[in-house]
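Trainee: No letters, just coordinates:
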């Protein structure tokens, strides 16, 4: 066998950047349905857009997707994390206490009294949330 080199090999152009964040499919990219900040609980609609969820609105809690880890204007790509941990220096969680969905996608350590009880995860430290999204429980 004889090897014949036809041309010199050159590196091609770089591909598009991947989704930031943890490996293993923990972060998804969707389209923001409206201007949305990071660290909000969102649900996905039929068209793949995400919107802030609310514990009092059934359609949102039934289609819960995860927590945003980036911000975006309406129609632009946004990153949503479904598992693993999220760190934010601005948080002041009580470690070891559960974190729930509140109004307008916000996170709280106070369980809701109306609507749906949706466990999002547990605070591991004052600034770290371990996601453990559970099915909603309707409150009466």
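Mentor: Happy to help now that I have it. Model, not experiment: these values are computed from the prediction.
Trainee: Name the helix or strand for residue 65, please.
Mentor: Using DSSP states H and E, the element containing residue 65 is strand 64-68.
Trainee: for residue 61, that is, sorry about that
Mentor: helix 58-62.
Trainee: And the strand holding residue 65, what does it pack against?
Mentor: strand 27-32, strand 41-44, strand 77-81, strand 128-131 (3 or more Cβ pairs under 8 Å, 6 or more residues apart in numbering; DSSP states H and E). All C-beta atoms are positioned from the backbone trio N, CA, C, and that covers glycine.
Trainee: Among those, which comes closest to residue 53?
Mentor: Nearest of the helices and strands packed on strand 64-68 to residue 53, taken as Cβ to Cβ: strand 41-44 at 4.6 Å.
Trainee: Show me which residues of stretch 54-70 are buried.
Mentor: 54-57, 60-61, 64-70 (16 or more other Cβ atoms under 10 Å).
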